[in-house]
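**Student:** Next come a sequence and a model predicted from it.
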Amino acid sequence: MATRFTHLALPCRDLDTSITWYETHTPLRVFHRRSDQIGEVGWVGESGSSTALVLVQSFTARDEGEPLPTLTPFAHLGFSVEDPSEVDAIALTAHEAGCLAWEPERHPPPVGYLCAINDPDGNLVEFSHGQDL
C-alpha cells in the first residue's frame, strides 16, 4: 500500500474571501465546496493535481474578527514559477494589494529567488524560482 500526501487543511476566518484571494494570487481553483454542522469548507487545487489546500471556516470564526494565522512566522505554502520575472510580478501585485510579506530576494541553492505574500488570515505563501523539487 502506497502512502501519499493529499492535502493541507487551514482554518480561515472568511471562506469566500480566502477562496477569492487564492484564486487571485495563486494557480489554485476551488473544486469542491460544502457546509456541514461545523462550518464551511472549500477545497482548492491545481488542475490535474492530486493534492489540495482545504480551507475551513467554522461558523464562529467569521464573528471572531481576527485572522487565524497557522503558517507563520516562517512556515509557508510554496509555489514554483518558471521565470524569476514572475517572482517580481507577484511581489509587485502583492505590494499593491497590501499583502507582500517578503520582498524578492536571491538565496544560494537550493533556495533560489523568492518572495512571500500573506493570505487574508496571515498565512505565508512563497513563490520561488530555482528550487528544484
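**Tutor:** Ah, there it is.
**Student:** Next secondary structure element downstream of the helix or strand bottoming out on mean pLDDT in the chain?
**Tutor:** Every helix and strand in the chain was compared by mean pLDDT, DSSP states H and E; the lowest is helix 61-64, with a mean of 63. The helix or strand immediately downstream of helix 61-64 is strand 76-80, counting by DSSP states H and E.
**Student:** how about the CA coordinates for the helix or strand following that following strand, as PDB?
**Tutor:** Where DSSP H and E defines the elements, the next helix or strand beyond strand 76-80 is helix 84-97. C-alpha atoms of helix 84-97 as PDB (Å, rounded to 0.1, in the frame of the first residue of the first chain):
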ATOM      1  CA  PRO A  84      12.400  35.000 -12.000                       C
ATOM      2  CA  SER A  85      10.400  37.800 -13.500                       C
ATOM      3  CA  GLU A  86       7.300  36.000 -12.300                       C
ATOM      4  CA  VAL A  87       8.600  36.400  -8.700                       C
ATOM      5  CA  ASP A  88       9.000  40.100  -9.300                       C
ATOM      6  CA  ALA A  89       5.500  40.400 -10.800                       C
ATOM      7  CA  ILE A  90       3.900  38.500  -8.000                       C
ATOM      8  CA  ALA A  91       5.700  40.700  -5.400                       C
ATOM      9  CA  LEU A  92       4.500  43.900  -7.200                       C
ATOM     10  CA  THR A  93       0.900  42.700  -7.300                       C
ATOM     11  CA  ALA A  94       1.000  41.700  -3.700                       C
ATOM     12  CA  HIS A  95       2.600  45.000  -2.700                       C
ATOM     13  CA  GLU A  96      -0.200  46.900  -4.500                       C
ATOM     14  CA  ALA A  97      -2.800  44.600  -2.700                       C
END
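**Student:** Which strand residues bridge Leu8?
**Tutor:** Beta-bridge partners for Leu8, by DSSP bridges, are Leu53.
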